[in-house]
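> Okay, structure incoming, though there's no sequence with it:
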């Protein structure tokens, strides 16, 4: 078997597992979101602010991926929600099998929201469905405005783009309008929210987005039950 | 053949090609460096400043990798040196075959310095030898101090770390000393240079590093010729 055939087989197997996960999330009314970005775009900082602000009645859990270290799980554990680190070794993305394995001792019926923080990488995670309801891509204003054109796949597949670190806009040459135009050139009509985990700007809109998506998930569950 | 066996075969084939490239660089007295970082850590900006400052007698060429777009090649072409874009499609790294193919119509004997700008990715490029003399990893102060611990392979394999965007230090919570300590925990004694492509700080040291490495390459060539 050549390399492409093997890659295809791996992706097919992943897809089957991802569909099973998706079905389990739906049956249990769990909203699952998959956060993807370059290393250092602020996924973990955004998660800290999110866990701080989230309605305490929301039963949320986090799976956070990295090649090495438990640092992110430690940062996130202090908010009192269940958090697990997935260390991938050398692997450049999370896959559905890793998610399934790490969910083993959590009961999905006890959850409303599962947040997956992928390995920092704009390329590989875009090929691996984790059964999530939505991929969310983060782009920070310290990167280039042309990232959506250079890494189109992940911007095309993500439902929402969070433009992060907007508090740094006065100090960097980043043109936010150009970045958004580039994102929407790859993904017409893409929803974009500007946020700063430092000043808190835009976080209300992000929390509102999450809440609306949870309501949609719950509505679907009730629809299924009819 | 299973996936790991295929991966191993691909890496072995890459290694053979990389050794051939290395030999060709040595025979022609070409210093080849391979710049690796997250997307948006400032590889292209650093290259712009480097091409601006480089001694005009140095015959330099650039190969710049991205998934899509010719943007970087366009940015770099205006300095009057030969530049080629390698667009990888979906592939998350450059490999030795891509380098070999893009070198076909350049004569190595007409070059002193070949700079390769890898695809923005802290994971995959670390597994692919391109026959370079040195890998150089860039880490920007807008990322996290713990990146070297989370992505140890590339920090271990790189000879030099450039800490970029240091002009932004007053506006971010980044602790430069911690980042350097982490890098040296993974790679004891690692050389680190602080730079800002915006203010120019540290660029003299970086240009000096490049110059010394070129002298070393030339000295080796003369040694071979004796």
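Arrived safely, thanks for sending. This one's a predicted model, so the numbers in the text were calculated from it and none came from an experiment.

> where does chain A dip in pLDDT?
Counting by pLDDT under 70, chain A shows low-confidence ranges at A:1, A:224-226.

> Please enumerate the strands of chain A.
In chain A, strands defined by DSSP state E lie at A:31-36, A:60-66, A:83-87, A:113-117, A:134-140, A:160-164, A:191-194, listed in chain order.

> Out of those strands, flag the one nearest residue B:137.
Of all the strands of chain A, the one in closest proximity to residue B:137, counting by CB to CB, is strand A:60-66 (16.9 Å). Where C-beta positions appear, they are placed from N, C-alpha and C, glycine not excepted.

> roughly how far out does that closest one sit from the chain middle?
Computed by CA atoms, centre = their mean, to the nearest Å, the chain-centroid distance of strand A:60-66 equals 10 Å.

> Does chain B have contacts with it?
Yes: shown here: strand A:60-66 in contact with chain B (CB under 8 Å from any CB of the partner chain) through residue A:66.

> What pairs with that strand, parallel or antiparallel?
Paired neighbours of strand A:60-66 in the sheet (DSSP bridges): strand A:83-87 (parallel), strand A:113-117 (parallel).

> Columns mean neighbour count on top of these, output as JSON lines?
Shown next, in JSON lines, are those (neighbours: other CB atoms under 10 Å in any protein chain shown):
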{"stretch": "strand A:83-87", "mean neighbour count": "19"}
{"stretch": "strand A:113-117", "mean neighbour count": "25"}
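
> Out of these, which gets nearest to residue B:40?
Once these are compared by CB to CB, strand A:113-117 is nearest, at 18.1 Å.

> how about a markdown table for the strands of chain A, with distance to residue B:184 added?
A markdown table is the format used below for the strands of chain A (distance: least, CB to CB, whole Å):
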| stretch | distance to residue B:184 |
| --- | --- |
| strand A:31-36 | 30 |
| strand A:60-66 | 20 |
| strand A:83-87 | 22 |
| strand A:113-117 | 27 |
| strand A:134-140 | 26 |
| strand A:160-164 | 29 |
| strand A:191-194 | 36 |
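
> Kindly reformat the strands paired with strand A:60-66 as JSON lines containing distance to residue A:44.
As requested, the strands paired with strand A:60-66 are arranged in JSON lines below (distance: least, CB to CB, whole Å):
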{"stretch": "strand A:83-87", "distance to residue A:44": "11"}
{"stretch": "strand A:113-117", "distance to residue A:44": "7"}
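
> mind checking the longest helix of chain A?
Longest among the helix segments of chain A by residue count, using DSSP state H, is helix A:3-27.

> tell me which residues of that helix are tucked away?
Within helix A:3-27, the residues that qualify as buried by neighbour count (16 or more other CB atoms under 10 Å in any protein chain shown) are A:6, A:10, A:14, A:17-18, A:21-22, A:24-26.

> on that earlier part again, closest to residue A:40 out of the strands paired with strand A:60-66?
Once CB to CB is applied to the strands paired with strand A:60-66, the stretch that comes out nearest is strand A:113-117, at 13.0 Å.

> can you list contacts of the closest one?
Surrounding strand A:113-117, the residues in contact under the criterion CB atoms under 8 Å, 6 or more residues apart in numbering or on different chains are A:25, A:30-35, A:43-44, A:47, A:50, A:54, A:58-65, A:72, A:94, A:99, A:130, A:132, A:210, A:214.

> Now with 6 Å, please.
Defining contact as CB atoms under 6 Å, 6 or more residues apart in numbering or on different chains, one finds that strand A:113-117 is touched by A:30-35, A:43, A:58, A:60-64, A:130.

> ditto for stretch A:167-176
Surrounding stretch A:167-176, the residues in contact under the criterion CB under 6 Å, 6+ apart are A:141-142, A:145, A:196, A:198-199, B:168, B:171.

> just the buried members of these?
Going by neighbour count (16+ other CB under 10 Å), the contacts of stretch A:167-176 have A:141-142, A:145, A:196, A:198, B:168, B:171 buried.

> and residue A:37, how many neighbours does it have?
Under the neighbour criterion other CB atoms under 10 Å in any protein chain shown, residue A:37 is assigned a count of 30.

> Can you name the residues bridging to the nearest residue to it once chain neighbours are set aside?
Of all residues beyond its chain neighbours, the one nearest residue A:37 is residue A:138 (3.7 Å), with distances taken as CB to CB, 6 or more residues apart in numbering or on different chains. Partner residues in beta bridges with residue A:138, using DSSP bridges, are residue A:162.

> Alright, calling it a day.
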